[in-house]
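# pasting a predicted model and its sequence here:
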Amino acid sequence: MLAFYILFLLFSLYHEVAATCPRKCNCDLSRRVQCYRIGQMPKEIASTTRQLYISHSKIKQLQISDVNQMSALEEFILTSSGTEAVERNTFKALAALRILELWKNKLRCIPTLLPANLEVLKLGDNLISVLNESDFEGLKRLRVLDIQNNLILALSSSTLSSLSRLQSLILDGNNMESVSGPLSLHNLKYLSMANNKLQKFPGRFFTSLHILLFLNLNGNLLTTAPPDLPQSLLSLTLERNQLTMLKSEDMKKLANLSELCVSENQLSSIDEVQFISSLTRLEVAGNKLQTFPLHLPTALQKIDCSNNLIEKIKAHDFHDLQDLKHLFLDKNVVKTFEDGALQRCKLLSNLALEQNLLSSIPLSLPHTLARLDLKGNNIQRIQEQELKNLKQLQVLNLRNNKITALDHGLLEHLPRLKHLYLEGNLWNCTCDLFRTRRVLTAKGTDVKGGQCFAPAENKGESWMSSKRFLRLCIHDSLYAGEDSSKTRKKANADNPSTHMDDYYDYETD
């Protein structure tokens with residue numbers, strides 16, 4: 001009986017809510033209202049509404065009368081609605097308001113006299129050009145401030161000085177040219193000023209940020225890393241700047257740094273990172289390194305040195321990197337890879353060597369490898385000693401080399417192979433490849449490519465799927481009488497990932 005009574009109350013309440021819900025809006029029992037493609041602020045919104053979401057509408061101006069009856073409103077989100085102005089004091093009386101998001105509109109200034117209980121303010125993708133100290137007066141509880149993709153050219157530290165509890169500040173994409181400091185935000189943990197036009201930071205700008213954990217300065221015009229960075233930093237990203245060097249004295253202070261990203265700069269050396277003993281991730285792609293960095297921190301788990309000018313990998317380069325799991329050396333000019341250079345990397349699972357000048361697969365690779373990318377090299381032949389230790393390999397990319405044959409016996413060394421890429425080679429389609437085809441099909445390996453280059457009558461056909469090639473070799477004495485099509489269908493049924501195209505999309509076990 002009680003359950004029936006509760007259901008009756010809920011049913012009645014639902015109909016009451018539905019009856020008072022504005023047109024083109026959805027209302028639910030949690031006092032949330034969602035409106036889409038409306039032409040003006042709804043007048044029928046209940047005073048008990050706690051959350052109001054409006055998007056893709058045409059609301060040129062917000063007025064006090066639009067929201068003043070919503071005394072219980074905690075969250076107001078108005079996006080992509082062409083809003084150009086907010087009447088003075090519109091939100092002042094909304095004492096319960098904690099979250100205000102007005103992004104993707106046409107606002108030219110920050111709304112005035114915002115309620116004191118506000119915790120999140122997001123104004124990204126507007127036309128705001130100036131920040132005033134008065135804009136943030138009284139916001140003692142504000143934790144998140146997002147003003148990305150506006151027109152702010154300069155930042156004065158005093159402008160934000162009243163935001164004593166601010167934890168996250170996002171100022172990306174403003175074409176900002178200058179800042180003044182120090183920035184006195186003692187509770188700030190996340191600061192992002194990416195995609196601006198900053199050439200330098202004044203001394204002591206960061207010194208008051210004692211608990212800052214993440215700093216993103218990608219896409220600026222910096223020639224050196226900022227001075228006086230806080231020791232608390234865990235992540236520092238300086239990609240797409242104009243860095244020519246990293247200063248030892250700056251790196252030595254970053255005792256807790258775990259992630260350093262300096263890709264797409266002008267660095268010819270990164271020897272200074274040896275002082276960051278806690279570093280686990282280093283990204284230095286797209287620079288001017290001619291040799292692999294020496295004396296790297298031993299805690300590193302990921303190194304990205306792709307798109308540089310590295311010619312040779314030496315055995316001692318990785319001697320102390322026993323925690324390394326991911327190594328990217330693609331798009332270099334590596335011609336020599338010394339035998340056993342990676343054999344001490346007992347945790348390595350992902351090795352990218354694509355688009356280099358290798359003529360063979362490096363020897364004594366770690367048995368832990370799950371992915372090996374060798375696309376776009378000069379490899380002509382695959383030999384047993386190159387693969388015999390790779391029992392865990394799941395993805396092998398051999399695209400765009402000069403390989404003519406693949407002995408089916410080699411596949412015995414790759415029991416877990418799931419994905420094999422063969423396009424762009426010079427396959428000589430003899431019945432020896434038919435044997436390889438049968439082994440791959442039986443294993444359920446997803447094979448991409450394998451177009452014949454020779455003999456001429458088979459050119460362009462795939463030795464993995466051509467019915468003509470199948471007929472020519474079906475009477476081979478080792479496999480006579482077997483139904484290859486049934487085997488292939490079963491393998492495909494057991495392997496649901498066979499239609500995915502790019503090996504980077506695959507997850508290994």
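Everything's here; your move.
# chain center to stretch 278-286, what's the gap?
15 Å (CA atoms, centre = their mean, to the nearest Å).
# so for that stretch, first residue to last residue, what's the gap.
This stretch, stretch 278-286, spans 24 Å end to end (CA to CA, to the nearest Å).
# how about it: buried residues?
Buried residues in stretch 278-286, counted by 16 or more other CB atoms under 10 Å: 279-286. Backbone N, C-alpha and C define where each C-beta goes, glycine included.
# report the two of the residues you listed separated the most.
Farthest pair in these (CB to CB) is Thr280 and Gly286. Separation: 20.7 Å.
# what ranges do the helices span in the protein?
2-20, 64-67, 248-252, 384-387, 431-443, 467-473, 484-494 (DSSP state H).
# state the mean pLDDT of the longest one.
Rounded to a whole number, the mean pLDDT of helix 2-20 is 44.
# ok, now the second one?
For helix 64-67, the per-residue pLDDT values average out at 92.
# what does it rub up against?
41, 73, 76, 87, 89-91, 93-94 (CB atoms under 8 Å, 6 or more residues apart in numbering).
# mind redoing it with 10 Å?
The contact list for helix 64-67, computed with CB atoms under 10 Å, 6 or more residues apart in numbering, reads 40-43, 45, 49, 52, 59, 73, 76, 86-94, 97.
# for it, list every residue counted as buried.
For helix 64-67, by 16+ other CB under 10 Å, it's 66-67.
# wait, Cys429 sits on Ser465?
No - counting by CB atoms under 10 Å, Cys429 sits too far from Ser465 to count as a contact (11.9 Å).
# more neighbours, those two?
Cys429 (26 against 13; other CB atoms under 10 Å).
# from Asn458, how far out is that one?
5 Å (CB to CB, to the nearest Å).
# for the stretch 301-450 of the chain, which segments count as strands?
For the stretch 301-450 of the chain, strands defined by DSSP state E, counting those that start in this stretch occupy the ranges 302-304, 312-313, 326-328, 336-337, 350-352, 371-373, 395-397, 419-421, 427-428, 446-448.
# distance to Ile211, mean neighbour count and mean pLDDT added to those, as a markdown table?
Output for the strands of the stretch 301-450 of the chain, formatted as a markdown table (distance: least, CB to CB, whole Å; neighbours: other CB atoms under 10 Å; pLDDT from 0 to 100):
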| stretch | distance to Ile211 | mean neighbour count | mean pLDDT |
| --- | --- | --- | --- |
| strand 302-304 | 25 | 20 | 98 |
| strand 312-313 | 40 | 20 | 97 |
| strand 326-328 | 29 | 21 | 98 |
| strand 336-337 | 43 | 18 | 96 |
| strand 350-352 | 33 | 21 | 98 |
| strand 371-373 | 37 | 22 | 98 |
| strand 395-397 | 41 | 23 | 98 |
| strand 419-421 | 44 | 23 | 97 |
| strand 427-428 | 59 | 20 | 94 |
| strand 446-448 | 48 | 20 | 95 |
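# how many other residues sit next to Ala194?
Applying other CB under 10 Å, we find 20 residues neighbouring Ala194.
# let me see the contact set for it.
Counting by CB under 10 Å, 6+ apart, Ala194 has contacts 148, 170-174, 216-220, 237-240.
# and the average pLDDT for stretch 117-124 is what?
98.
# cool, and stretch 27-39?
For stretch 27-39, the per-residue pLDDT averages 94.
# contacts for it?
Residues contacting stretch 27-39 (CB under 10 Å, 6+ apart): 10, 13-14, 16-26, 41-42, 44-46, 48-60, 70, 72-75, 77-78, 81.
# one more time with 8 Å
10, 13-14, 17-18, 20-26, 42, 45-46, 48-59, 72.
# so Leu260 sits right up against Arg281, yeah?
Yes - if you go by CB atoms under 8 Å, Leu260 and Arg281 touch, sitting 7.2 Å apart.
# what residues of stretch 423-435 count as buried?
Residues of stretch 423-435 classed as buried by neighbour count (16+ other CB under 10 Å): 424-425, 427-435.
# kindly apply the preceding question to stretch 454-473 instead.
458, 461-464, 466, 469-470, 472-473.
# now stretch 193-213
193-196, 198, 201-202, 205-206, 208-209, 212-213.
# number of residues surrounding Thr49?
20.
# now Asn26
Asn26: 13 neighbours (other CB under 10 Å).
# kindly report the same for Asp339.
If we define neighbours as other CB under 10 Å, then Asp339 has 12 of them.
# pLDDT value on the nearest residue to it once chain neighbours are set aside, please?
Sequence neighbours aside, Leu363 is the residue nearest to Asp339 in space, at 4.3 Å (criterion: CB to CB, 6 or more residues apart in numbering). With respect to pLDDT, Leu363 scores 94.
# my read: Leu363 touches Glu384, true?
No - assessed by CB under 8 Å, Leu363 is found out of contact with Glu384, at 11.0 Å.
# ok now stretch 297-305, how far from the chain's centre?
Centroid separation for stretch 297-305 versus its chain: 18 Å, with CA atoms, centre = their mean.
# for Leu470, give its distance to Cys431.
Distance from Leu470 to Cys431, counting by CB to CB: 10 Å.
# oops, could you answer that again for Leu166 instead?
Noted for Leu166: a distance of 71 Å to Cys431, by CB to CB.
# how about Arg344?
Arg344 is 42 Å from Cys431, by CB to CB.
# likewise Glu101?
Glu101 is 66 Å from Cys431, by CB to CB.
# again, but for Gln301
45 Å.
# how about Gln385?
Counting by CB to CB, the gap from Gln385 to Cys431 is 25 Å.
# hmm, Leu351 is touching Leu369, no?
Yes - counting by CB under 8 Å, Leu369 is a contact partner of Leu351 at 5.9 Å.
# worst-scoring helix or strand of this protein, pLDDT-wise?
Counting by mean pLDDT, DSSP states H and E, the chain has its least confident helix or strand at helix 484-494, which shows a mean of 42.
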